[in-house]
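Chemist: Give me a 3D structure for the following:
(2 chains)
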Protein chains: 2
Amino acid sequence: MNYGTLYGVGVGPGAPDLLTLRAVATLKRADVLALPRSSDYGASMAWRIIEPAVGKINGQERLFLTFPMSKEPARVRRAWDAAFVKIGERLESGKSVAFATEGDPSLYSTFGYLLREAPRRWPGIRIEVTPGVSSIAAVPAALGMPLADGLERIAIIPANYGVDDLAAILGAFDTTILMKIGSEMPRVVAALERAGLIDKAAYVAKATMPEQKIVTDLRSVRAERGDCFAMVVVARGERKGVLAGDVPPEAALTGVEPA
Amino acid sequence: MNYGTLYGVGVGPGAPDLLTLRAVATLKRADVLALPRSSDYGASMAWRIIEPAVGKINGQERLFLTFPMSKEPARVRRAWDAAFVKIGERLESGKSVAFATEGDPSLYSTFGYLLREAPRRWPGIRIEVTPGVSSIAAVPAALGMPLADGLERIAIIPANYGVDDLAAILGAFDTTILMKIGSEMPRVVAALERAGLIDKAAYVAKATMPEQKIVTDLRSVRAERGDCFAMVVVARGERKGVLAGDVPPEAALTGVEPA
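Modeler: Next up is the predicted model:
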């Protein structure tokens, strides 16, 4: 069967001008834009990001797909089954479908499921992934603070799946990024206090969006529920690159034990 | 003193159309483009990336700055001292300077040094960082493989500073990214073989550039020197997101010990 091409397009962290030239061209060219949203009644963040640069194009279909924010496999699978049917109808009729995904398609992205499932459902389908500016790039830019330099090591942890071993990770890595804070904020703040790193941490929500919020005293948001576009960055900054020159490469952290 | 604005602009991993709209606008508007290169006689990769979209603009200065690839603090510092003087002359005369940096300015970027030093040298200076598509987004896109999903954890390690504890990290994280491979390739391959993860690893050099190279059998590049735009990605892929549904969140890896 000759399927249309499936594009996974990263649309960046939120500011419409952080779209890449390739993303704009791909989104304009596709027959169908697949636009995720978290409820049938809410707006699609991906559409909000791309509308200024892409606009409404004559003959192009905007296919809104609802994916509830949930960790329940059954609920998520139901939403995806419906999405697969709708996307499949378009691909099978030879139409190209561009799935617009916030941030970068390879990093905790909705598109990951589609990328894995597509070759099974539509054998031989052509898939193209357009990388985007991830929140991991946007947050340090907003803070004016490099994430890592020289010999520094980074750990990225989705906090909503538990932070029981956070103290150990904070000790073993120069920079720790906590994604998907959700209801874990009190435990994250407590772990940072215990590790003596509370003053090396910052909380950023909706980086690059008009609603961007930066909190450098995490004690003040201890009781807050982390926004779903939020992140906590902890940067020890003790081994800054070659230019710092104070710490020899031999000081590389050791002692990380396997599971 | 009224300094010109200093921009740190991520120009993405190599393909000129992976520049963001904001990067293009900022680079076109600046009085001076600061363009790093690794030798006085070689081309600037940053200029090669931006030239198609930005072009040569009347009245805009292209200031090429040489930063040798070196881990010797004295050599790096000498190059930076010369660069600070040249950039400073422009900023002090009120000109805006856009420093174009490959990938993203916050991730192992040349711009990191400038970001740290600028407020000391030019008190009160206005600095704006434009995030870019990093190689961490470009490499998985080239591989068609998500980096992480759901509850998966990521470790990012600059391999050129030693991989003695790589086995432990491979055991404790779902996805491990080795940057700056350099001469460490033999030791990286040996560690992957010992961990039984050699078939879960891929090597990508110059992702998104015409010279892009993807190697999925790392045994075949065992003796190679890692290109400086190269990366090894190891993805266990055993705990794929909510949709996989096979692994409950309680299975989160534990046992990472502090340094």
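Chemist: Kindly state the domain boundaries assigned to chain A.
Modeler: A:6-130, A:135-251 (automatic domain parsing).
Chemist: worst-scoring helix or strand of chain A, pLDDT-wise?
Modeler: Taking mean pLDDT, DSSP states H and E as the measure, chain A has helix A:241-244 as its least confident helix or strand, at a mean of 50.
Chemist: Just the pLDDT at residue A:245, thanks.
Modeler: Note on residue A:245: pLDDT of 41.
Chemist: My error: substitute residue A:248 in the last question.
Modeler: 36.
Chemist: so residue A:20 touches residue A:130, yeah?
Modeler: Yes: using CB atoms under 8 Å, residue A:20 is in contact with residue A:130, at 6.9 Å. No exception for glycine: its C-beta is placed from N, CA and C like everyone else's.
Chemist: what about the strands in the stretch 1-150 of chain A?
Modeler: A:6-10, A:32-37, A:61-66, A:97-101, A:127-130 (DSSP state E, counting those that start in this stretch).
Chemist: In the stretch 151-259 of chain A, where is pLDDT below threshold?
Modeler: Filtered on pLDDT under 70, the stretch 151-259 of chain A yields the residue ranges A:228, A:240-259.
Chemist: mind listing the strands for the stretch 151-259 of chain A?
Modeler: With DSSP E, counting those that start in this stretch as the criterion, the stretch 151-259 of chain A has strands spanning A:154-158, A:175-179, A:201-205, A:213-215, A:230-235.
Chemist: any chance of the ones you listed in TSV, with mean neighbour count too?
Modeler: Shown next, in TSV, are the strands of the stretch 151-259 of chain A (neighbours: other CB atoms under 10 Å in any protein chain shown):
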stretch	mean neighbour count
strand A:154-158	26
strand A:175-179	26
strand A:201-205	22
strand A:213-215	15
strand A:230-235	24
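Chemist: Among the ones you listed, single out whichever gets nearest to chain B.
Modeler: Taking CB to the nearest CB, strand A:154-158 is the member of the strands of the stretch 151-259 of chain A nearest to chain B, at 4.0 Å.
Chemist: Kindly format the C-alpha coordinates of the closest one as CSV.
Modeler: What follows is strand A:154-158, C-alpha atoms only, in CSV (Å, rounded to 0.1, in the frame of the first residue of the first chain):
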residue,chain,number,x,y,z
ILE,A,154,23.6,15.6,33.6
ALA,A,155,20.7,13.4,34.9
ILE,A,156,17.2,13.8,33.6
ILE,A,157,14.4,12.4,35.8
PRO,A,158,10.6,12.4,35.3
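Chemist: Return the list of helices and strands in contact with it.
Modeler: Contacting strand A:154-158 under the criterion 3 or more CB pairs under 8 Å, 6 or more residues apart in numbering or on different chains; DSSP states H and E are the following elements: helix A:166-172, strand A:175-179, strand B:154-158.
Chemist: switch the cut-off to 6 Å
Modeler: Applying 3 or more CB pairs under 6 Å, 6 or more residues apart in numbering or on different chains; DSSP states H and E, we find strand A:154-158 packed against strand A:175-179, strand B:154-158.
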